[in-house]
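[1] Pasted the sequence and its predicted model underneath.
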Amino acid sequence: MVSEEQMLFFGMLKQLVGGTAQSKASSCRKLVLPLQFLGTSQHRITAEANFHSASFSEAEPPRVLITAVSLGGLGQLGVGLANLLRKRFGKDNVILSDIRKPPAHVFHSGPFVYANILDYKNLREIVVNHRISWLFHYSALLSAVGEANVSLARDVNINGLHNVLDVAAEYNVRLFVPSTIGAFGPTSPRNPAPDLCIQRPRTIYGVSKVHTELMGEYYYYRYGLDFRCLRYPGIISADSQPGGGTTDYAVQIFHAAAKNGTFECNLEASTRLPMMYISDCLRATLEVMEAPEERLSMRTYNIGAMSFTPEELAQELRKHAPDFQITYCVDPLRQAIAESWPMILDDSNARKDWGWKHGFDLPELVATMLSFHGVSARVAQVN
Ligand SMILES: NC(=O)C1=CN([C@@H]2O[C@H](COP(=O)(O)OP(=O)(O)OC[C@H]3O[C@@H](n4cnc5c(N)ncnc54)[C@H](O)[C@@H]3O)[C@@H](O)[C@H]2O)C=CC1
Ligand SMILES: CC(=O)[C@H](N)C(=O)O
């Protein structure tokens, strides 16, 4: 039995398909349907919802929400992104959120609110009360920790995403969600992995990120949601701890080098993975969000910088700390995940479309990380 609502929906769909078929001049054909017809999550978008209001005037800075819900810290990337965006748009225009009490320095650095991405009403309230026009959805369980708790990863990475997509579509919010090298799998090309290829990941993290890419693009074509997504390599940062991923070794090695000059690596010496320094990653994120719509030929882009193995990283480290020692105690789970991921990302579309350019290669990365940890200074004193 077809309901009146369904009849109306099919009528509109027919009209829109006909309409787009006629407009051959447009290279990007969107089927923008009213949001009453959203049906992916359990949330009905109410007819009176304010989804037709403009998200923001280009003349005024966006009002930004970052979801970085965290069990322990505030996420490796969320706090860094907040710092960058606050410099660009003003402290009070960027709201960091979490389900945990923030440490004092984060709390005092700018606006902070409680937001649980699994609570749709809570998210909606924040978006309305703070007039949010851009949302960066960073909450996720990463690859290794996701395999250790599949049902939580499924909930946070998939159900949480559905809430975020619905709220962003309802209130006309520009949405950024990061994807990852983990969205590729053993049958994807590895050297390099192009933007469009087979994606059959074998982790819940990877599956949820492919789902993110597809759902975001679906909402873009179907409802006009301004969804933007970058596939990040492993991200290396000095001032935060990694959150349970396969590429974590490339962050932990610097903490170990600074502390005792030795490191036990949980991946094999020859495991090559794409990596990026955090400031490049955050800059790329801001650049793709600010890119004019007509520059984006896709909604999900690979971004790349460098690619190295643990042994190559250790060799570069020894240029600064000659006594540094690396040993290997391979974790079979992480090793299997790493072997299913690309060795290099092909990011030529990002470079061509919106001018992506990385700033840090391996030597600059190592020098910067070591100077942050004070290692170069120590070596200089010893010499
Ligand atoms: N750090 C990296 O190397 C890369 C990160 N990304 C993506 O960037 C985003 C941010 O990554 P990171 O800052 O590294 O992640 P992170 O793991 O440091 O922080 C994310 C936080 O979200 C938490 N979380 C989310 N929802 C939760 C809930 N309902 N209950 C409890 N905890 C919850 C996690 O526990 C974690 O603390 C993620 O979407 C990730 O997939 C993508 C590629 C590489
Ligand atoms: C590359 C990622 O997405 C993350 N760092 C992980 O290793 O899970």
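    Noted; the coordinates are in hand. Numbers count the residues shown, from 1 in each chain. Ligands and ions are numbered 1, 2, ... in the order given.
[2] residues near residue 348, how many?
    Using other Cβ atoms under 10 Å, residue 348 has 15 other residues around it. For every residue, glycine as well, the C-beta is placed using N, CA and C.
[3] Just want to check the distance between it and ligand 2.
    Counting by Cβ to the nearest ligand atom, to the nearest Å, the separation of residue 348 from ligand 2 is 20 Å.
[4] can you check residue 275 too?
    9 Å.
[5] do residue 224 as well
    Residue 224 is 29 Å from ligand 2, by Cβ to the nearest ligand atom.
[6] ok, so what distance separates that residue from residue 157?
    Distance, residue 224 to residue 157, using Cβ to Cβ, to the nearest Å: 24 Å.
[7] between these two, which one's more packed in?
    More neighbours surround residue 157 than the other of residue 224 and residue 157, with 23 against 17 (other Cβ under 10 Å).
[8] Spell out which residues of the stretch 201-350 of the chain are next to ligand 1.
    Contact residues (Cβ under 6 Å from any ligand atom) of the stretch 201-350 of the chain with ligand 1: 232, 234, 235, 243, 244, 245, 247.
[9] I'd like to know which of these is nearest to ligand 1.
    For these, the residue nearest ligand 1 by Cβ to the nearest ligand atom is residue 243; the value is 2.1 Å.
[10] My guess is the closest one contacts residue 68. True?
    No - applying Cβ atoms under 8 Å, one finds residue 243 not in contact with residue 68, separated by 10.1 Å.
[11] Please identify which of the two sits among more neighbours.
    For residue 243 and residue 68, the more surrounded residue by other Cβ under 10 Å is residue 68, and the numbers stand at 28 against 19.
[12] Tell me who's in contact with the more buried one.
    Residue 68 makes contacts with 74, 75, 77, 78, 79, 96, 97, 98, 138, 139, as judged by Cβ atoms under 8 Å, 6 or more residues apart in numbering.
[13] Report the separation between it and ligand 2.
    15 Å.
[14] excluding its backbone neighbours, what's nearest that residue?
    Once flanking residues are discounted, residue 68 sits nearest to residue 78: 2.7 Å by Cβ to Cβ, 6 or more residues apart in numbering.
[15] is it true that that neighbour touches residue 64?
    No - checked against Cβ under 8 Å, the pair residue 78 and residue 64 is beyond contact range at 11.6 Å.
[16] what touches both of these two?
    Jointly contacting residue 78 and residue 64 under the rule Cβ under 8 Å, 6+ apart are residue 136.
[17] quick one, which of these two is more surrounded?
    Between residue 78 and residue 64, counted using other Cβ under 10 Å, residue 64 has the larger neighbour count: 27 against 23.
[18] Mind listing the residues bridging to the more buried one?
    Here residue 64 sits in beta bridges with residue 94, residue 134, as judged by DSSP bridges.
[19] Go ahead and confirm residue 343 touches residue 273.
    Yes - with contact defined as Cβ under 8 Å, residue 343 reaches residue 273; the gap is 6.7 Å.
[20] Between these two, point out the one with more neighbours.
    More crowded of residue 343 and residue 273, by other Cβ under 10 Å: residue 273, with 23 against 19.
[21] List phi and psi for the more buried one.
    phi -140, psi 150 (degrees, to the nearest 10).
[22] ok so residue 102 is a strand residue?
    No - secondary structure assignment (DSSP: H, G, I helix; E, B strand; the rest coil) places residue 102 in coil, not in a strand.
[23] Excluding residues flanking it in the chain, which one is nearest residue 86?
    Leaving aside its chain neighbours, residue 86 sits nearest to residue 94 (4.7 Å; criterion: Cβ to Cβ, 6+ apart).
[24] repeat for residue 226
    For residue 226, ignoring the flanking residues on the chain, the nearest one in space by Cβ to Cβ, 6+ apart is residue 174 at 4.3 Å.
[25] Please list all residues in contact with the one you found.
    55, 62, 133, 134, 135, 168, 226, 228, 289.
[26] Let me have the residues you listed in JSON lines, adding neighbour count and pLDDT as columns.
    Shown next, in JSON lines, are the contacts of residue 174 (neighbours: other Cβ atoms under 10 Å; pLDDT from 0 to 100):
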{"residue": "55", "neighbour count": "16", "pLDDT": "43"}
{"residue": "62", "neighbour count": "23", "pLDDT": "98"}
{"residue": "133", "neighbour count": "22", "pLDDT": "98"}
{"residue": "134", "neighbour count": "25", "pLDDT": "98"}
{"residue": "135", "neighbour count": "27", "pLDDT": "98"}
{"residue": "168", "neighbour count": "28", "pLDDT": "98"}
{"residue": "226", "neighbour count": "21", "pLDDT": "98"}
{"residue": "228", "neighbour count": "26", "pLDDT": "98"}
{"residue": "289", "neighbour count": "18", "pLDDT": "98"}
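[27] in this structure, which spans are strands?
    Counting by DSSP state E, the chain has strands at residues 64-67, 94-98, 112-114, 134-137, 174-176, 179-180, 227-232, 234-236, 262-265, 273-277, 300-302, 306-308, 325-328.
[28] Name the strands paired with the fifth one and say parallel or antiparallel.
    Take DSSP bridges as the rule and strand 174-176 pairs in its sheet with strand 134-137 (parallel), strand 227-232 (parallel).
[29] Nearest to ligand 2, out of the ones you listed?
    Closest of the strands paired with strand 174-176 to ligand 2 is strand 227-232, at 6.4 Å (criterion: Cβ to the nearest ligand atom).
[30] for the closest residue to residue 328 other than its chain neighbours, what are its contacts?
    Excluding the flanking residues, the one nearest residue 328 by Cβ to Cβ, 6+ apart is residue 265, at 5.2 Å. Counting by Cβ under 8 Å, 6+ apart, residue 265 makes contact with 249, 253, 310, 326, 327, 328, 329.
[31] And for the residue in the stretch 101-250 of the chain positioned nearest to ligand 2, the neighbour number?
    Nearest residue of the stretch 101-250 of the chain to ligand 2 (Cβ to the nearest ligand atom) works out as residue 245 at 2.4 Å. By the measure other Cβ under 10 Å, the count of residues near residue 245 is 24.
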